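# no sequence on this one, just coordinates:
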């Protein structure tokens, strides 16, 4: 590992204890604006000749949209991202600034899945852009990866929960089909679940991070590694060493996929 990697490890609060002997293997189209509602032409009431009467012109009120989300099945990337940004399936659309579909290489080999957008992400429309995002970028660099190159980053929830509270079950249920479609389009070689909610959603089980770490799981036939969320690591510095172990396991797993059977 070169001196630059040592800098990344230092940023994570780690010494260069783990050295990889070779480097690992390694936006979103403008969302189409929804068409404005078509105004219904005024109703003209006719009465028998010779008298004709036309009431004042007035548009018929258009009822508000219902809480529904189009099925993402079969959507390509532009349509999927547009559907995410237009989603009204749960009450989170009322408090968000904007939805946050994801960011990165749309032919990525690595998929990193977090929990939900935070305040910075809600404003900028991109996942992991605050301090947690800076740490994630350092974690990626430590194993020879870079945001946007062979890497895609997404969240389970596409809208920020008010006050950064934990996701609710109904919200996860509404958003999960979007994540499933993202995985279908990407077909990544490996998935890294960042934090408890991402791990529980992808694995369909309630369990602690401690019990899920250190082993290779499967999601729809794709190897999945569980580690801590970067925001958690910012509050619990000693666990950065464990996260580094998880990343090393991810690299080892990714390499093994290329070795001859």
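That came through fine. These figures come from a predicted structure and were not determined experimentally.

# Pull the contacting residues for residue 80.
Residues in contact with residue 80 (CB atoms under 8 Å, 6 or more residues apart in numbering) are 72, 101, 178, 181, 182, 185. Backbone N, C-alpha and C define where each C-beta goes, glycine included.

# Quickly find the element holding it.
Assigned by DSSP states H and E, residue 80 belongs to helix 77-86.

# What are the buried residues along that helix?
Buried residues in helix 77-86, counting neighbours by 16 or more other CB atoms under 10 Å, are found at 77, 79, 80, 81, 82, 83, 84, 85, 86.

# re the thing from before, generate TSV for the contacts of residue 80, with pLDDT, neighbour count and secondary structure as supplementary columns.
Shown next, in TSV, are those (pLDDT from 0 to 100; neighbours: other CB atoms under 10 Å; DSSP: H, G, I helix; E, B strand; the rest coil):
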residue	pLDDT	neighbour count	secondary structure
72	91	19	coil
101	96	24	coil
178	97	25	helix
181	97	21	helix
182	98	23	helix
185	97	16	helix
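
# Just send these back as a markdown table, with distance to residue 140 too.
Formatted as a markdown table, the contacts of residue 80 follow (distance: CB to CB, whole Å):
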| residue | distance to residue 140 |
| --- | --- |
| 72 | 27 |
| 101 | 19 |
| 178 | 23 |
| 181 | 24 |
| 182 | 18 |
| 185 | 21 |
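
# Show me which of those residues is closest to residue 164.
Taking CB to CB as the measure, residue 101 is the one of these closest to residue 164, at 19.0 Å.

# Tell me who's in contact with the residue lying closest to residue 227 once chain neighbours are set aside.
Nearest residue to residue 227, sequence neighbours excluded (CB to CB, 6 or more residues apart in numbering): residue 246, at 3.6 Å. Going by CB under 8 Å, 6+ apart, residue 246 touches 192, 213, 214, 225, 226, 227, 228.
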